[in-house]
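**Q** Here is a sequence with its predicted model. Questions after.
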Amino acid sequence: MHGPKPRSHAIKLNKKVRRLGLKIALSARAAEGKLHVFEDLEVPTHKTKNIVNYVNQMENTKKVLLVDGCPINDNLKLATQNLHYVNVLPSIVSCVNSDNTGLKSCCVIALISCLCVILLGLNVYSILLHDTIVMSRDAVGRIVERMRTPINR
């Protein structure tokens, strides 16, 4: 009667609030000069030392978030999987096969803890957790497209 009762303490945010949070977080990183956009995030080889050298050239960076469009380059995934301070995310999860049967395997990536999870793409928590964000132009285009799509009710 007075014992513990199972309940969910989850908080649901409206889609508009989530979008606004993403815009503000990206704007804050851009204002700080911690948002870098490149033509693509192609790496010529899967060697980790290339990514380590690149991160060491950045000033005041402890954690780096690499945001690439879908599909994520295999060499990029291999080069960053051993680095605990570099994470790779797809820009959005809506990467479906041409016949719309389901998600491509690019959206299932190995995180630093070696767990394979389906990520929800770029989110506010990931932006705030990392010091520097490096994005490809494809990822920027997908994020802008994601912001402009109307919210279905």
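**A** Here it is on my side, so go on.
**Q** Grab the most central residue of this structure for me.
**A** The chain has residue 89 as the residue nearest its centroid, 3.1 Å off, counting by C-alpha atoms, centre = their mean.
**Q** And that residue, its phi and psi?
**A** Backbone torsions of residue 89, given as degrees, to the nearest 10, read phi -130, psi 150.
**Q** Residue 14 versus that one, what's the distance?
**A** Remark: distance between residue 89 and residue 14 (C-beta to C-beta, to the nearest Å) = 23 Å. From N, CA and C alone the C-beta is placed, and that goes for glycine too.
**Q** Tell me where the model's unsure across the chain.
**A** Where the chain drops to pLDDT under 70, the residues are 93-120.
**Q** ok, now with 90
**A** Low-confidence segments of the chain (pLDDT under 90): 1-2, 40-46, 50-51, 53-62, 68-77, 87-122, 142, 145-147, 149, 151-153.
**Q** the strands in it, which residues?
**A** Assigned by DSSP state E, the strands in the chain fall at 35-38, 64-68, 86-90, 108-110, 116-118, 132-136.
**Q** And the helices in this structure, which stretches?
**A** For the chain, helices defined by DSSP state H occupy the ranges 15-32, 48-57, 74-80, 124-129, 137-148.
**Q** which one of the ones you listed lies closest to residue 6?
**A** Nearest to residue 6, of all these, is helix 124-129, at 25.5 Å by C-beta to C-beta.
**Q** Count the neighbours of the closest residue to residue 18 other than its chain neighbours for me.
**A** Leaving aside its chain neighbours, residue 18 sits nearest to residue 124 (7.5 Å; criterion: C-beta to C-beta, 6 or more residues apart in numbering). Neighbour count for residue 124, taken as other C-beta atoms under 10 Å: 17.
**Q** One more: the one 4 residues further on?
**A** Residue 128 sits with 12 neighbouring residues when counted by other C-beta under 10 Å.
**Q** In contact with it, which residues?
**A** Applying C-beta atoms under 8 Å, 6 or more residues apart in numbering to residue 128 gives the contacts residue 25.
**Q** what do you get if the cut-off is 10 Å, keeping everything else the same?
**A** Taking C-beta atoms under 10 Å, 6 or more residues apart in numbering, we find residue 128 in contact with 21, 25, 28, 29.
**Q** Tell me the buried residues within these.
**A** Among the contacts of residue 128, the ones that count as buried by 16 or more other C-beta atoms under 10 Å are 21, 25, 29.
**Q** Dump these into CSV; add distance to residue 54 as well.
**A** Shown next, in CSV, are the buried ones among the contacts of residue 128 (distance: C-beta to C-beta, whole Å):
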residue, distance to residue 54
21, 29
25, 23
29, 18
